[in-house]
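Asker: next comes the sequence, and after it the predicted model I'd like to discuss.
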Amino acid sequence: MAKRSKASFQGEMLQGTLDMLVLQTLVMGPAHGHTIAHVIEHGSGDFLQVEHGSLYPALHRLEDRGWIASFWGTSENNRKARYYRLTPAGRSQLEEQTGRWEQMVRAIGRLLHPVAE
């Protein structure tokens, strides 16, 4: 079995986390990229910063997988903007990813805060 580099593992974990957060954001309804980034940033108390160089590749990746779909619309400031919406496959994927994320958080929590026997 080939070893994955630490940077590769972290990149995959961060990429998967961003994908999950984008899908979660779209549960509320269609949104364009700027709004998606704002919701993630604001919802995290500005702890998470979403760079356009990460967001737009994630949106394309999610669309290629059929988890989101895009369409053109008019933004709040009357500009043409690409909007994204969650697909039924994306909703299923979100449920699966959320379950895995919660398992991982519990497992890490047990390691960081072991219960005395």
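Answerer: Here it is on my side, so go on.
Asker: residues in contact with Thr74?
Answerer: Lys80, Ala81 (CB atoms under 8 Å, 6 or more residues apart in numbering). To be clear about C-beta, it is placed using only N, CA and C from the backbone, and glycine gets the same treatment.
Asker: phi first, then psi, for it.
Answerer: Note on Thr74: its backbone torsions stand at phi -110, psi 130 [degrees, to the nearest 10].
Asker: swap in Leu62?
Answerer: When quoted as degrees, to the nearest 10, the phi and psi of Leu62 stand at phi -70, psi -40.
Asker: report pLDDT for the closest residue to it other than its chain neighbours.
Answerer: Distance criterion CB to CB, 6 or more residues apart in numbering; nearest residue to Leu62, sequence neighbours excluded, is Ile68 at 4.5 Å. Predicted confidence (pLDDT) for Ile68: 98.
Asker: residues touching Ile68, list them.
Answerer: Contacts of Ile68 (CB under 8 Å, 6+ apart): Val22, Leu23, Leu26, Leu59, Leu62, Tyr84, Arg85, Leu86, Thr87, Gly90.
Asker: please identify which helix or strand holds the first one.
Answerer: This points to Val22. Per DSSP states H and E: Val22 is located in helix 6-26.
Asker: after that helix comes which helix or strand?
Answerer: strand 31-32.
Asker: name the residues that touch that following strand?
Answerer: Thr25, Val39, Gly73, Ser75, Ala81, Arg82, Tyr83, Tyr84.
Asker: what residues of the helix or strand following it count as buried?
Answerer: Later in the chain than strand 31-32, the nearest helix or strand by DSSP H and E is helix 33-43. For helix 33-43, the neighbour count (16 or more other CB atoms under 10 Å) marks Gly33, Thr35, Ile36, Ala37, Val39, Ile40 as buried.
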